[in-house]
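Engineer: Got a sequence here, can you build the structure:
(chains A and B)
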Amino acid sequence: MKGKAGILLSIVLVLTMVLSAGCRREDESANRPGTEAAQTSAPEKEREEKVTFTMFYSSPADDWEKSDVYKWIEQNLNVSLDIEYVVGDLPTRVGVMVASREFPDLVFGSDEHEKFIDAGALVPLNDYIDKQGVNSKKLYGNYLQRIKWTDGNIYHFPWDRGQQTLATETSGFYIQRAVLKEFGYPKIETVEEYIDLIARYKEKHPQINGKDTVGIELLTDDWRDFTLQNSPLAIMGGPNDGNLLVNQQTYEAKIFATMPESKKYYGLLNQAYLNGLIAEESFVNTYDQHIANLTAGNVLGVCYDHNWQIGQAQHTLKDAGMHERVYVAFPVVLEKGTKDQYQWPANMITRDGVGISVNCKNPERAFKFLDDLQSEEVQKILNWGIKGLSYEVDDNGRMYMTDDMREKYRGEDFRRKVGITGIRPWPSAPNYWKYEDGNSWNISAQPEEIRAGYDEWDLEILKAYDAEVYADMFAKPQESKYSVAWDIPIPSDHQAAINNEKLREVQRYHLPRLITAPEDKYDEYWNEYVKEVDGIGMDIYEEFVTEGIRQRVKDWWGE
Amino acid sequence: MAGNKIKLTEKNVILKKISEQKLLLLLMLVFMIYFIVFRYLPIAGWVMAFQNYKPHLGFTGSEWVGLKHFNELFGDPDFFRAIRNTIGMSIIRLIFGFISSIGLAILLNEVKNAAFKRFTQTVSYLPHFVSWVVAATIVTTSLERDGIVNIFFTSLGFLKEPVLWLGEEKYFWLIIALSDMWKEVGWNAIIYLAAISAIDINQYEASIVDGAGRLRRIWHITLPGMMPTIILMIILNIGLLLGTFTLVEQVMLLDNPMVIKVAETIDLYTLRLGMKLFRFSFAASAGIFKSLVSVILVFTANAIAKKLGQRALI
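Structural biologist: Numbers count the residues shown, from 1 in each chain, chains lettered A, B, ... in the order given. Okay, the predicted model is just below:
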């Protein structure tokens, strides 16, 4: 036994050696053009003494130190990194480090990062930012207030500034491309217009692919029925605040479940139902059945949904070649002229980032390194890679990828070799920022790159609605000072949470009942619904969230 | 002296019995341990029903609140609706389950072709091994507007328009009972088949000599022969009237907004307003209520069985 295991082990060892040698050779040869490109574009910088920092990096090794981007940084910023990746369990490794107080110069602990701060392992960066943070003041600006830890110090620059959806919609009222084409791509602004268009198409085409045409199907499976409960807020032009309408001046939060706008909206749906436009199956179907129905191609619209829920149906339709049955989202509102807020702003995650440890011998230089990384020039390298390798610049200064690069970019190996794959903990800007030259912060945000993936249908629709990308059909997101209302943590056994759960259950039963109400019964059912909602005592919930929002605005913005 | 001697022998008898049955006792020990660890020790956790239990504070650190959670529970009309739903669904399930599985066992017993008998039995208990997640998908798909059930009834002319079976409150309990029956009938029939096979074959032969037909034999021999097993199963099942895990699974997978008023069971109610909100104390109070009522039900059923002269459980 022992002998056999020994042989096996040696085979494995030999194999690893051979393989890794092979990899290295390949890497070196492949990297050569990259380094050359880097040298030519390297700016004149006063030469500083080259330093090496040790670093703890809380994810498995992925050879970032061998990438072109890293090599560029090493040459141009004069900093080498000796990175320790996580082998095995992250909490254990962090625990050992904290207990032995042996920290490398730089640490990044992702979801365990807080432990370093709690253990006093990190150097506060406040003074450094004040004195030498040329780039960080620019890149984080007002957000420096928000990234302060509870003790008022800044320990790291959060890498996750939030991802805004720049290419597609985040949510909306969905309608088939075929319907739009039939009526010459009309502008759909209100709920009435939306329902009317579906009614007209259904009348003209009672059958699609041999199946009876269904006007609208809703999604009410289990917790997914939040789309039905939250849609009144969207059509009122409110942000993504769950079941609360928040006054943006006083930050007073009120449930909108029983507001007149909700009554009007569900009343319109009730009318549509009575006219045979809403499938009764909406209230019985599971999510899978719902998606299956949408991919059959005979459902004309989905009244308010989120991109991530309907996306599965969209992909299937495209794969099946039913391009005219793919859905387009519109920012539908209740009253003409209401400014929509269907697109959500990005929310920064302040939890983690790269910090400088108390063991670092040269914290000034380490901070300089972190600050250098925040210059536009280095940000471009970190996000776009190396010119000539992963992007080109045209005569107008626009950055773009050649077809060959786009093809290669799809493969993980290429991105890894260049060094622009995955998540990096380095300081970063939100993805909707633009460089001074007007290019987008990263590749996936550049409109030219988004449009490269569009088919003829997409281009025709976008032209008709005068948009570059689908997101342009919506109003630009407005940043909220408190992120979102449903993000205010409520202790789960607090009466506010209990009452909120009760409201969900009341709505879960009553909303389908209102929509399917028989003629002349709507008002009666509505009054029953309002009575039940009033009986819960939602004011406890409203007050709790209002308090939470006000506190948060104070903490984050000092207002 | 004499009395002492008798006592001594009594003791000897007990010891002798123990030594004779030590293997059986040893076997039983395993299950005793199981029940003590998983059924009796957790009862200690009931104290949390009288506290505002917080896991990080533990039993000793949590605040005592007396009957607060019970008051809240009994003050909530939703809770009583959940009790009604649970008992309603359980009783219908129980009736359908008993009649179908006893019937199937008797029918199978009358089949003379052994191969056909085995085949039927296997087919009938196959659905038992399918998880409810899968079974529920089969049920919902069959009950769609253009599902097999609607096609069947409309093409035979029983229905003019297809019905959205799962969307109507009045059908929901029936669907729960019928789908449970479909899934469990074969499995439940096994125990009755075993009971039938224990009936003395001489009784049948004697009745044939007396000129009894097939139905007579079923009525006068097979059914009475199965009675002790049936009574036992009824008593055991009455303890489950307030809901079992399979009922939770089944309702969770089949319900929808149109029927929630008749669908929510005690366990789902506890899940929604207790566990989902980490209100362990509230959930525990609902659990205590359920356990106490179940124990009472079992003992009542047992007493009734005794009164009727049947062999009871205890």
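
Engineer: and the stretch 101-250 of chain A, which residues reach chain B?
Structural biologist: A:220-221, A:225 (Cβ under 8 Å from any Cβ of the partner chain). Just so you know, the C-beta spots here come from the backbone N, C-alpha and C atoms, and that holds for glycine as well.

Engineer: what separates residue A:474 from chain B, distance-wise?
Structural biologist: 29 Å (Cβ to the nearest Cβ, to the nearest Å).

Engineer: ok, back up a step: quick one: which of the residues of the stretch 101-250 of chain A next to chain B is nearest residue A:207?
Structural biologist: residue A:220 (25.7 Å; Cβ to Cβ).

Engineer: Low-confidence bits of the chain, can you list those?
Structural biologist: Let's take chain A. Low-confidence segments of chain A (pLDDT under 70): A:1-48, A:422, A:559.

Engineer: hm, I was asking about chain B
Structural biologist: Across chain B, the ranges flagged by pLDDT under 70 are B:1-8, B:310-314.

Engineer: Could you pick out the residues of it near chain A for me?
Structural biologist: Counting by Cβ under 8 Å from any Cβ, chain B sits next to chain A at B:52, B:78, B:137, B:140-141, B:144-145, B:164, B:166-167, B:256-258, B:260-261, B:272-273, B:276-279, B:282.

Engineer: Now a PyMOL select for only the buried ones of the residues you listed.
Structural biologist: PyMOL command restricting those to the buried ones, with burial defined by 16 or more other Cβ atoms under 10 Å in any protein chain shown:
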select buried, chain B and resi 52+140+144+145+164+166+167+256+257+258+260+272+273+277+278+279+282
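
Engineer: Filter the residues of chain B next to chain A down to the ones in strands?
Structural biologist: Mapping those onto strands (DSSP state E) picks out residue B:52.

Engineer: quick revisit: in the residues of the stretch 101-250 of chain A next to chain B, which residue is surrounded by the most others?
Structural biologist: residue A:220 (26 neighbours; other Cβ atoms under 10 Å in any protein chain shown).

Engineer: For that residue, give me its contacts.
Structural biologist: A:228, A:282-283, A:285, A:508, A:512, B:256-257 (Cβ atoms under 8 Å, 6 or more residues apart in numbering or on different chains).

Engineer: Between all of those, which two are at the greatest distance?
Structural biologist: A:285 and A:508 (14.6 Å).

Engineer: Please say which of the two ends up with more neighbours.
Structural biologist: Comparing residue A:285 with residue A:508 by other Cβ under 10 Å, the one with more neighbours is residue A:285, at 24 against 19.

Engineer: Wait, that one touches residue A:293, no?
Structural biologist: Yes: between residue A:285 and residue A:293 there is a contact at 6.9 Å, judged by Cβ atoms under 8 Å.

Engineer: which parts of chain A sit against chain B?
Structural biologist: A:220-221, A:225, A:280-281, A:283-286, A:288-289, A:492-493, A:497-498, A:501-502, A:505, A:508-509, A:511-513, A:516.

Engineer: hmm, 10 Å instead?
Structural biologist: A:211-212, A:220-222, A:225, A:228, A:279-286, A:288-289, A:292-293, A:490-494, A:497-498, A:500-502, A:504-505, A:507-513, A:516 (Cβ under 10 Å from any Cβ of the partner chain).

Engineer: Give me the three-state assignment for the nearest residue to residue A:483 once chain neighbours are set aside.
Structural biologist: Once flanking residues are discounted, residue A:483 sits nearest to residue A:347: 4.8 Å by Cβ to Cβ, 6 or more residues apart in numbering or on different chains. Secondary structure, DSSP: H, G, I helix; E, B strand; the rest coil: residue A:347 is coil.

Engineer: Look at residue A:347 and say how many residues are nearby.
Structural biologist: The burial count for residue A:347: 18, using other Cβ under 10 Å.

Engineer: Residue A:548 too?
Structural biologist: Neighbour tally, residue A:548, other Cβ under 10 Å: 19.

Engineer: Surely it forms part of a strand?
Structural biologist: No: under three-state DSSP, residue A:548 falls outside any strand and is assigned helix.

Engineer: Contacts only, for the closest residue to it other than its chain neighbours.
Structural biologist: Counting by Cβ to Cβ, 6+ apart, residue A:548 lies nearest to residue A:488, which is 3.6 Å off, once chain neighbours are set aside. By Cβ atoms under 10 Å, 6 or more residues apart in numbering or on different chains, the residues touching residue A:488 are A:241-242, A:244, A:253, A:482, A:496, A:544-549, A:551-552.

Engineer: hmm, 8 Å instead?
Structural biologist: Neighbouring residues of residue A:488 by Cβ under 8 Å, 6+ apart: A:482, A:544-545, A:548-549, A:552.

Engineer: what does residue A:270 give?
Structural biologist: Per Cβ under 8 Å, 6+ apart, neighbours of residue A:270: A:514-517, A:522.
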